[in-house]
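Peer 1: sequence? don't have it. structure:
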């Protein structure tokens with residue numbers, strides 16, 4: 001599992017600013033397309049995994065924010081925070 005995470009992190013580190021923003025936006029669109037926050041039932045395990053992933057992405061963006069342009073990191077943090085807010089609302093259901 002650790003190697004898989006490291007590989008994904010290395011791949012994300014090698015992305016340009018535009019690629020990284022596009023990647024995160026794509027993930028948001030995919031989540032919405034698959035019914036995220038649209039009233040479809042999710043198991044608690046799925047919600048916990050999603051929350052953990054969002055927190056990991058947030059932490060990663062904070063770690064690399066010095067290496068990317070401020071506007072991009074700020075936009076990414078806003079997107080991640082929005083997703084985290086949605087996962088928090090799912091936990092309250």
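Peer 2: Now that the structure is in, tell me what you want to look at. Just so it is clear, the structure is predicted and the values come from calculations on it, not from any experiment. Residues are numbered from 1 along each chain as shown.
Peer 1: which helices and strands sit right next to the helix-or-strand element of the chain with minimal mean pLDDT?
Peer 2: With mean pLDDT, DSSP states H and E as the measure, the helix or strand of the chain carrying the lowest mean pLDDT is helix 70-92 (a mean of 75). Contact analysis of helix 70-92 by 3 or more CB pairs under 8 Å, 6 or more residues apart in numbering; DSSP states H and E lists helix 17-33, helix 44-64 as its packing neighbours. Where you see a C-beta, it was placed from the backbone N, CA and C, and this is true even at glycine.
Peer 1: where in this protein is pLDDT low?
Peer 2: Segments of the chain classed as low confidence (criterion: pLDDT under 70) are 1, 35-42, 68-71, 91-93.
Peer 1: in the least confident helix or strand of the chain, what counts as buried?
Peer 2: Under the neighbour-count criterion of 16 or more other CB atoms under 10 Å, helix 70-92 has 72, 73, 75, 76, 77, 79, 80, 83, 84, 86, 87, 90 buried.
Peer 1: Can you tell me which of those lies closest to residue 57?
Peer 2: Compare each of those with residue 57 using CB to CB and the shortest gap goes to residue 80, at 5.4 Å.
Peer 1: ok, now which ones touch the closest one?
Peer 2: Residue 80 makes contacts with 24, 54, 57, 58, 61, as judged by CB atoms under 8 Å, 6 or more residues apart in numbering.
Peer 1: what does residue 75 give?
Peer 2: residue 21.
Peer 1: quick one: it from residue 34, how far?
Peer 2: In this structure, residue 75 and residue 34 are separated by 23 Å, where distance is defined by CB to CB, to the nearest Å.
Peer 1: Redo the helices and strands packed on helix 70-92 as a markdown table? Include distance to residue 10 and mean neighbour count.
Peer 2: Output for the helices and strands packed on helix 70-92, formatted as a markdown table (distance: least, CB to CB, whole Å; neighbours: other CB atoms under 10 Å):
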| stretch | distance to residue 10 | mean neighbour count |
| --- | --- | --- |
| helix 17-33 | 13 | 14 |
| helix 44-64 | 11 | 15 |
